[in-house]
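K.L.:
got a structure for you, letters missing:
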C-alpha cells in the first residue's frame, strides 16, 4: 500500500516546490498556444461531485480560469478571495472556474469542507498539459487565465494572485 502512494507523494512534493518557486515571482509564463481556449472548451471534466460537464458551456462568457490543487498552499490561500470575488463578478457576467490538478476524491473532500462559490472541475494530471497550452511552461500552481467573452486570452497569472491587479484587469473587459 505504501509503495502505491509513494509516487503520488513525490509528484505532490515536486509540484509544491514548483509552486513555491513560481510564487516567489522568479518565473514568468510563456505565450499561450493559439488554440488553447478551444482546447479547453473541447474538454469534458467531472465537477467536484463527479458529474461530467462540458466546458463548452462557458463559451461566450468572460472567464477567470484558476488551475489549482488541494496540496498547493498558495492555491488554497487564494480560494476564499476568489469565492468573494465571484460574488462581485456574478452581476457583471464574469465567471470563475477552478480546474483541480488533483484526484477526484481530494477535490470532492475539499469542496465539501470549504464553501467555494464557483464551479470546481477535476482534471487530474491532464490539467498540467492544459495549463501549459495557456503558457504555464513550468507547470507551477496556482496558474490563472483571464479570458474575455470572445474567447481571447487577455492575461495569465503565474503564482499567488494579487487581487487588486486582477480586479484592474477585469475592469478592462
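P.N.:
Looks like it arrived, so ask away. What you are looking at is a predicted structure, and each value in this text was computed from that prediction instead of being measured.
K.L.:
test my guess that residue 50 contacts residue 111.
P.N.:
No. Using CB atoms under 8 Å, residue 50 is not in contact with residue 111, being 10.5 Å away. C-beta here means a position set from N, CA and C on the backbone, and glycine is covered the same way.
K.L.:
more neighbours: which of those two?
P.N.:
residue 111 (19 against 11; other CB atoms under 10 Å).
K.L.:
what number of residues lie near the nearest residue to residue 165 once chain neighbours are set aside?
P.N.:
Nearest non-adjacent residue to residue 165, counting by CB to CB, 6 or more residues apart in numbering: residue 157, 7.7 Å away. The local packing of residue 157 (other CB under 10 Å) involves 20 other residues.
K.L.:
how about residue 157, secondary structure?
P.N.:
Put simply, residue 157 is strand when judged by DSSP: H, G, I helix; E, B strand; the rest coil.
K.L.:
relative to residue 63, how far out is it?
P.N.:
13 Å (CB to CB, to the nearest Å).
K.L.:
intersection of neighbour lists for these two?
P.N.:
Listed as contacting both residue 157 and residue 63 by CB atoms under 8 Å, 6 or more residues apart in numbering are 145-146.
K.L.:
just checking, what packs against the helix or strand residue 164 falls within?
P.N.:
Per DSSP states H and E: residue 164 is located in helix 163-171. Counting by 3 or more CB pairs under 8 Å, 6 or more residues apart in numbering; DSSP states H and E, the packing neighbours recorded for helix 163-171 are strand 62-68, helix 73-89, strand 143-147, strand 153-158.
K.L.:
mind listing what's buried along the last one?
P.N.:
Read it as strand 153-158. Going by neighbour count (16 or more other CB atoms under 10 Å), the buried part of strand 153-158 is 153, 156-158.
K.L.:
show the pLDDT at the nearest residue to residue 132 once chain neighbours are set aside.
P.N.:
Nearest residue to residue 132, sequence neighbours excluded (CB to CB, 6+ apart): residue 139, at 6.6 Å. Residue 139 carries a pLDDT value of 92.
K.L.:
please apply the same query to residue 35.
P.N.:
With respect to pLDDT, residue 35 has a value of 91.
K.L.:
how far away is it from residue 68?
P.N.:
From residue 35 to residue 68 the distance is 23 Å (CB to CB).
K.L.:
could you check which of the two has the larger neighbour count?
P.N.:
residue 68 (26 against 11).
K.L.:
now do the contacts for the more buried one.
P.N.:
Residue 68 touches 75-76, 79, 98-102, 141-142, counting by CB under 8 Å, 6+ apart.
K.L.:
center of the protein - which residue?
P.N.:
When the chain is reduced to its mean C-alpha position, the nearest residue by CA atoms, centre = their mean turns out to be residue 67, at 1.7 Å.
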